[in-house]
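1. build the 3D model from these lines:
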Amino acid sequence: MASRPATGANETARTLLIDRNRTGMEAIATALGACLRAEVHMQRAASGRSGADHLRADRYALVLFDLESLDDVAASTEEAVARLVRLADGALCIALSEGVSVSAAVAAMRAGAHDFVAKPVHADAFSARIAELARRHGKPLPLAAVAGEAGGLIGERAASEPEPATQPVILPLWRQEQQIIENAIRSFSGNVALAAAALELSPSTIYRKRQAWAEMESRRGAA
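-> You can find the predicted model right below:
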């Protein structure tokens, strides 16, 4: 099998999109251009098998795959994603789909995808999500901004940037839980069922918590 070239600094923006449908490709490229400070080199594969061939031949920093385009890789979505994630060899892997079931989205993440994003992709939300995931998983993507500052790879601080002098704000546990759950809901474009599945909660638990938070806010406002 042919060996793949080593990943270098000029390859950190290399992206592979596995999607048989070209619709939405421009929106994805625009979103990536908004969050990366390097030129985006996007390679498209029209099928899962073709995408696997690309992954065997080259290294990519970011791999996006439409779940409905992987049916030629394996019989189950979970197995198809697992195979591609192994071939991606450390890349940030994002599953995409339009109208996918909760079980399929959860299966994709269980198989190794770093996140699931519903299509159609909205540039602002998608670019913010990519930046957040790259930081969280320590992927060396060249973000356009790090903590509000221009330039730098993930995890790097500008040489002249001073350490923060103030202590971080400590929120009550219920408020931290609220932020985690609301962020999950936003990442799934408002789909509570998908957010609940990703957080390993039931949708009814999220609805109960949201009701409790609303009542707490109401009592605090009346005090």
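2. after the helix or strand of the chain with the lowest mean pLDDT comes which helix or strand?
-> Comparing every helix and strand of the chain by mean pLDDT, DSSP states H and E singles out strand 149-150 as the least confident one, with a mean of 36. Where DSSP states H and E defines the elements, the next helix or strand beyond strand 149-150 is helix 173-187.
3. distance of the spatially most central residue of the chain from A75?
-> Averaging the C-alpha coordinates of the chain gives a centre point, and the residue nearest to it by C-alpha atoms, centre = their mean is D115 (4.4 Å). Per C-beta to C-beta, to the nearest Å, D115 is found 24 Å from A75. Where you see a C-beta, it was placed from the backbone N, CA and C, and this is true even at glycine.
4. now swap in T205 and tell me
-> Counting by C-beta to C-beta, the separation of T205 from A75 is 33 Å.
5. the two: who's more crowded?
-> Taking other C-beta atoms under 10 Å, T205 and A75 do not tie; T205 has more neighbours (12 against 8).
6. that one: which element?
-> T205 is part of helix 203-222, with elements assigned from DSSP H and E.
7. pLDDT weak spots in this protein?
-> Low-confidence regions of the chain, defined by pLDDT under 70, span residues 1-13, 36-40, 99-102, 140, 142-171, 221-223.
8. all helices of it, in order?
-> Counting by DSSP state H, the chain has these helices, from start to end: 25-35, 48-57, 77-88, 102-110, 123-137, 173-187, 192-199, 203-222.
9. sort out which residues of the first one are buried, please.
-> Under the neighbour-count criterion of 16 or more other C-beta atoms under 10 Å, helix 25-35 has 28-29, 31-35 buried.
10. and the last one, by the same measure?
-> Taking 16+ other C-beta under 10 Å as the basis for neighbour counts, the residues of helix 203-222 that come out buried are 206, 213.
11. quick one: that helix to helix 192-199, angle?
-> Here helix 203-222 points in a direction 100 degrees away from that of helix 192-199 (axes from the mean of the first three to the mean of the last three C-alpha atoms, to 10 degrees).
12. off-centre distance for helix 203-222?
-> 28 Å (C-alpha atoms, centre = their mean, to the nearest Å).
13. tilt between it and helix 173-187?
-> Angular relation of helix 203-222 and helix 173-187 on a 0 to 180 degree scale: 120 degrees, by the same axes, to 10 degrees.
14. could I get the contacting residues of the closest residue to R20 other than its chain neighbours?
-> Ranked by C-beta to C-beta, 6 or more residues apart in numbering and with sequence neighbours excluded, the top spatial neighbour of R20 is S69, at 4.5 Å. Applying C-beta atoms under 8 Å, 6 or more residues apart in numbering, one finds that S69 lies in contact with 18-21, 46-48, 51.
15. make a markdown table from those residues and add distance to A80 to it.
-> What follows is those, written out as a markdown table (distance: C-beta to C-beta, whole Å):
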| residue | distance to A80 |
| --- | --- |
| I18 | 10 |
| D19 | 14 |
| R20 | 13 |
| N21 | 17 |
| A46 | 15 |
| S47 | 11 |
| G48 | 6 |
| G51 | 10 |
